[in-house]
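Asks: this one's sequence-less:
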Ligand code: ATP
Ligand code: MG
C-alpha cells in the first residue's frame, strides 16, 4: 500500500519550524498584550458571502483562491482565506460596537488559499494579525506599525526588515484618482494582463498591486497627488509620529490596496531570505469595512503577518531555537520498572526553574539494545540505565551521549547530577 501524503500546498510544521512558529507566536502574544489587545479565536470556516463582501469580489482571493464548500444542510461556506472578515463579524455579532467604543483584537491561526504552491506560498499557511476598532486618530495607524515592528524585533527578526508606507486616500478623494488612473491604464490596455483588463472598470487600483503589471507603470498617476486636505493631514501626522519615535520606514507612493474600504494608511513589510515572496506582512486602515458588513461607521486599522514567511526570514538570518535537553531512562532486568518509572516522574517534577529538560523512558518490554536505539532516534543527551545488577548496589549508570562518557553513580544522586549538568549546558 502506498503511504498517505499531505495535500498539495500543505505541509506538516515540525522541528525547527514548529519551534520558530512558537517563538513568534509567544513574542506576538506578549506584544499584543502590551498594546492592549485581547486574543480572539474565530472559526476556520465562515459563510462564503462574508468573504466575498469583506475581501471583495474583484480580488484574487475571492475570484480564484477560496476553498468553497457546502455543509450537509447545503449552506455555502468557505475556509477562511484571511482573518479580518471573521474578526469584524465577531465584533458585530458580540455587539462590541455598542459596548466597547475602542476594541483591539488579535488572532493567530491557519488560513487557506488555493494558490499555486511555491517556496513561501502555501495553500494552508499561518497568520498572526491584529485589528483595532474605534480609533480614527493617526496615532492608531502609527501604533499599529510600531506593534508590528516590536513583534518582529522581539522574536529576533531585525536584519533587513523594510516597512513601506503610503496613503490611498478616502471616499472623498479616491474617486477622482481612480478615474485618472483608469484613463491612464485604458491608454495602455495592451500592456495589461487579462485579469487587470477585466478589473479595469471596477477596480483599476488592482493593476498597481498586480505582480506582473504593477512594475510596468512607473509613470502612473499617484494617489499622493490627489489626496484631499484631511487625508494629507492624516498622512503627515502618521509620518511625523513615526519619525518622532523613531521608526525607520519608507514612503512608498506606489503601494496600494485595491479595495474600497481601505482608507488612508496602507503598509507592507518585507524581509530578505524569501526568494520572490519577500512580503512578510501587510496592513492598513479600513474605515469602511465595519459599515460594509452591516455595522455602524467605525474606524479601524489592522495588519496580518505571514507566520511561515517570518519564520523563513528568521531562519535565513541564522535564528535557531534549540530543542530542550533530553534525558532518556532505560531499564533492564527484574525489579527495575518501579525505580525507572518513579525516577522519570521525579525528574519531571523536580525541575522547577530554568528550561525544562525532556524526559523519556524506554519501553520496559523491549531489549536494552532496542531502548538504546530509541534513545538515539529521539536525540537524547543523557541516558540513565536502571539495571538489575547496579540497582542491587543502589546505583545506576549515567551516560553522557554527547561526550560518550559513562559512570556508575548512586541512585540518590542522579537527579542532582543531571540537573547540575543541564544547568551547565544551558
Ligand atoms: P502575496 O502578494 O504574497 O500574495 P497577499 O497580498 O496575498 O500576499 P495578504 O493577504 O496581505 O497577502 O496577507 C498578509 C501576509 O500573509 C502576506 O504578506 C504573506 O506574508 C502571507 N501570505 C499570504 N498568502 C500566503 C500564502 N499563500 N502562503 C504563505 N503566506 C502567505
Ligand atoms: Mg496573494
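Replies: Nice, thanks for sending it over. Every value quoted in this text rests on a predicted model; they were computed, and no experiment measured them. Ligands and ions are numbered 1, 2, ... in the order given.
Asks: residues near residue 54, how many?
Replies: Look at residue 54: counted by other CB atoms under 10 Å, it has 23 neighbours. Every C-beta, even on glycine, is put in place using the N, C-alpha and C of the backbone.
Asks: Need the three-state assignment for the closest residue to it other than its chain neighbours.
Replies: Excluding the flanking residues, the one nearest residue 54 by CB to CB, 6 or more residues apart in numbering is residue 85, at 3.6 Å. Secondary structure, DSSP: H, G, I helix; E, B strand; the rest coil: residue 85 is helix.
Asks: ok, now residue 396?
Replies: Recorded secondary structure, residue 396: strand (three-state DSSP).
Asks: Quick one: residues contacting it.
Replies: Listed by CB atoms under 8 Å, 6 or more residues apart in numbering, the contact set of residue 396 reads 343, 384-387, 390, 408-409, 411, 414.
Asks: farthest-separated two in these?
Replies: Greatest spacing in those, by CB to CB: 343 and 408 (15.0 Å).
Asks: who has more neighbours, those two?
Replies: Legend: neighbour count by other CB under 10 Å for residue 343 and residue 408, higher for residue 343 (23 against 12).
Asks: Wasn't that one part of a helix?
Replies: Yes: according to three-state DSSP, residue 343 belongs to a helix.
Asks: Which of the helices or strands spans the nearest residue to it once chain neighbours are set aside?
Replies: Excluding the flanking residues, the one nearest residue 343 by CB to CB, 6+ apart is residue 329, at 5.9 Å. Following DSSP states H and E, one finds residue 329 within strand 326-332.
Asks: What lies in contact with that strand?
Replies: Here strand 326-332 makes contact (CB under 8 Å, 6+ apart) with 337, 339-340, 343-344, 347, 357-362, 364, 367-368, 371-372, 374-375, 378-388, 418.
Asks: quick one, domains of the protein?
Replies: 15-173+227-316, 326-425 (automatic domain parsing).
Asks: how about TSV for those domains, with distance to residue 212 added?
Replies: TSV is the format used below for these (distance: least, CB to CB, whole Å):
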stretch	distance to residue 212
domain 15-173+227-316	12
domain 326-425	46
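Asks: Including mean pLDDT and distance to ligand 1, could those go into JSON lines?
Replies: Compiled in JSON lines, the domains of the chain are given as follows (pLDDT from 0 to 100; distance: least, CB to the nearest ligand atom, whole Å):
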{"stretch": "domain 15-173+227-316", "mean pLDDT": "95", "distance to ligand 1": "2"}
{"stretch": "domain 326-425", "mean pLDDT": "91", "distance to ligand 1": "29"}
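Asks: In strands, which of the contacts of strand 326-332 fall?
Replies: Secondary structure from DSSP state E places 358-361, 382-387 of the contacts of strand 326-332 in strands.
Asks: Tell me which two in those are the farthest apart.
Replies: The span of the ones in strands among the contacts of strand 326-332, defined through CB to CB, is set by 358 and 387 at 22.3 Å.
Asks: what about the helices in the stretch 1-150 of the chain?
Replies: Assigned by DSSP state H, counting those that start in this stretch, the helices in the stretch 1-150 of the chain fall at 15-34, 48-54, 60, 84-93, 96-99, 138-155.
Asks: Out of these, which is closest to residue 316?
Replies: Among the helices of the stretch 1-150 of the chain, the nearest to residue 316 by CB to CB is helix 15-34 (11.0 Å).
Asks: returning to what we had before: could you give the bridge partners of the residue nearest to residue 343?
Replies: Taking DSSP bridges, one finds residue 361, residue 384 as the beta-bridge partners of residue 329.
Asks: Relative to residue 82, how far out is it?
Replies: Taking CB to CB, to the nearest Å as the measure, residue 329 falls 47 Å from residue 82.
Asks: More neighbours: which of these two?
Replies: Shown here are residue 329 and residue 82; by other CB under 10 Å, residue 329 has more neighbours (25 against 19).
Asks: about what we covered before: which of the contacts of residue 396 sits closest to residue 158?
Replies: Using CB to CB, these come closest to residue 158 at residue 384, 40.6 Å.
Asks: Could you pull up the contacting residues of residue 101?
Replies: residue 134.
Asks: again with residue 284
Replies: Counting by CB under 8 Å, 6+ apart, residue 284 touches 141, 168, 257, 262, 264-267, 301-303.
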